[in-house]
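Peer 1: Please work out how this folds:
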Amino acid sequence: MAVGLHLGHSTKLWEPATLPFIFGTREGISIINLEQTLVYLRRACNVTREVALRGGSILFIGTRPGFQDITIEAARACEGYHVSSKWIPGTLTNRLQVLGRHAPPDAEDPGRIPVTYKPDLIILLNPLEHKIAINEAQLHNIPMIAITDTDYDPRHVSYPIPANDDSVRGVELIAKVLSAAAKEGLHRRKLLFNQREKEERLFRKQSIKVEEEKIE
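Peer 2: Numbers count the residues shown, from 1 in each chain. As a prediction, the model looks like this:
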């Protein structure tokens, strides 16, 4: 509430699909139920954490004025990727042409077609301006987390977070929370890998010891 996440848009711009998220109206403004915001934010964090734990790549998209630095910092904090200036149409559906020229060449075969990848999860900070990106993600079955205000249909994304998408401080808060969840998933992944390596080293030592005992 302190960062204004409960303040929706004018009731004249109301999207009926957001009704379950609305607490009421005040002076012609839709008020978002922050209890719903918290529930959906927790769900989005669980998804983000699990994607990072499984080694998936996460793409943050936020292109409104004031969102660029937030987007970049959130992505860097969890070793993710970001689009902070403009979404280029075809980034997913025609990624070889759009991203291929930026992909590093194969050291062994420079003439080989460069390899491009698609994200495993997209986090949209301003979905209203990214209809093309959403359509491309849907075509590739890429799950999307998005901040959905009262003027946006939450059914267009996989994991909506009902909140004010005009508050820079509010968007920054949500971006940091999701980034922290991804960072936690990465940390757990590294711990699992370290544990697996220790177990493999111990198994090899035991195997060598058994072989030596057989020889003796």
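
Peer 1: following the worst-scoring helix or strand of the chain on mean pLDDT, which helix or strand comes up?
Peer 2: Using mean pLDDT, DSSP states H and E, the weakest-scoring helix or strand in the chain turns out to be helix 95-99, at a mean of 80. Downstream of helix 95-99, the first helix or strand assigned by DSSP states H and E is strand 121-124.

Peer 1: who does that following strand pair up with?
Peer 2: strand 58-61 (parallel), strand 144-148 (parallel) (DSSP bridges).

Peer 1: which residues sit against it?
Peer 2: For strand 121-124, contacts defined as Cβ atoms under 8 Å, 6 or more residues apart in numbering pick out 47-48, 51, 56-62, 74, 130, 133-134, 137, 142-147, 157, 175, 178. C-beta here means a position set from N, CA and C on the backbone, and glycine is covered the same way.

Peer 1: follow-up on the earlier one: kindly reformat the strands paired with strand 121-124 as CSV and extend each row with mean neighbour count.
Peer 2: CSV is the format used below for those (neighbours: other Cβ atoms under 10 Å):
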stretch, mean neighbour count
strand 58-61, 26
strand 144-148, 27
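
Peer 1: okay if I get these as a markdown table plus mean pLDDT?
Peer 2: As requested, these are exported to a markdown table (pLDDT from 0 to 100):
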| stretch | mean pLDDT |
| --- | --- |
| strand 58-61 | 96 |
| strand 144-148 | 97 |
